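**Q** coords please:
(one chain, ligands or ions: 2)
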Amino acid sequence: MDLPRIEAAVREILIAVGEDPDREGLQETPARVARSYEEIFSGLTQDPETALSATFDVAHDEMVLVKDIAMYSTCEHHLVPFHGVAHVGYIPGVDGRVTGLSKLGRLVEVYARRPQVQERLTTQIAQALEEHLHPRGVIVVIEAEHLCMSMRGVRKPGATTITSAVRGQLTHPATRAEAMSLILADRGR
Ligand SMILES: Nc1nc2c(ncn2[C@@H]2O[C@H](COP(=O)(O)OP(=O)(O)OP(=O)(O)O)[C@@H](O)[C@H]2O)c(=O)[nH]1
Ligand SMILES: [Zn+2]
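**A** Ligands and ions are numbered 1, 2, ... in the order given. Okay, here's the model as predicted:
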């Protein structure tokens, strides 16, 4: 990532909004924003295959679901955060191989740490699981609040956007319903 270029651009933005980039509180801001973007957009240079690399032969052939994975991403339209939780589940393939549980969280990070729209984020996570684990089914559900809808624009704080991507056996109504009931359990919904 080109940090000096981000710095120069942020300095320009500060001037354009009518700020003085040389006043005490702002002097370090372009450099801080550059470092911050390096972290927030680190997924652009990360590979989902690496995130899922650890697999184990535990011969489990029922659903594995990690829910309430905290997630922060950046809306590609306004470059402000959208954040919430991701729920990621799959039914292992015929070989019964599973991946490390933390790897599902790492996979979410690979795609969340990019300029995104929630639909693409959801689909990319599901697709990567399909490609790299060859599971019999996949479900990804993301619930998020978009700050571009809260702090500006339509100004509807608290509105939640829910997206899902399901593949394979998890598209079957009974299996999908079981996954959704696990995802929604203990929520008072
Ligand atoms: N589908 C989808 N839309 C998104 C996402 N994040 C932001 N948006 C929407 O992107 C749209 C961009 O609309 P535009 O009319 O081009 O931009 P705008 O004038 O800033 O729109 P407002 O937000 O309504 O003020 C808005 O409706 C946003 O709510 C997302 O993850 N998925
Ligand atoms: Zn937005």
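**Q** longest helix of the chain?
**A** Ranked by residue count, the top helix of the chain under DSSP state H comes out as helix 118-133.
**Q** chain center to the next helix or strand after it: distance?
**A** For helix 118-133, the succeeding helix or strand toward the C-terminus, using DSSP states H and E, is strand 137-146. Relative to the chain's own centre, strand 137-146 is displaced by 9 Å; criterion: C-alpha atoms, centre = their mean, to the nearest Å.
**Q** and what of stretch 103-122?
**A** 3 Å.
**Q** same question, stretch 71-81
**A** That offset, for stretch 71-81, works out to 10 Å (C-alpha atoms, centre = their mean).
**Q** near ligand 2 at all, it?
**A** Yes - Stretch 71-81 lies within reach of ligand 2 by C-beta under 5 Å from the ion, at 75, 77, 78. Any C-beta I mention is one placed from the backbone N, CA and C, and that applies to glycine too.
**Q** so which bits of that stretch are buried?
**A** For stretch 71-81, burial by neighbour count (16 or more other C-beta atoms under 10 Å) applies to 71, 73, 74, 75, 81.
**Q** what kind of secondary structure is the second one in?
**A** At residue 73 the chain is in strand, as set by DSSP: H, G, I helix; E, B strand; the rest coil.
**Q** surely it and residue 82 touch.
**A** Yes - the criterion here is C-beta atoms under 8 Å, and residue 73 meets it with residue 82 at 5.5 Å.
**Q** what score does the residue most central in space within the chain have for pLDDT?
**A** By C-alpha atoms, centre = their mean, the chain has its centre lying nearest to residue 112, at 3.1 Å. pLDDT for residue 112: 98.
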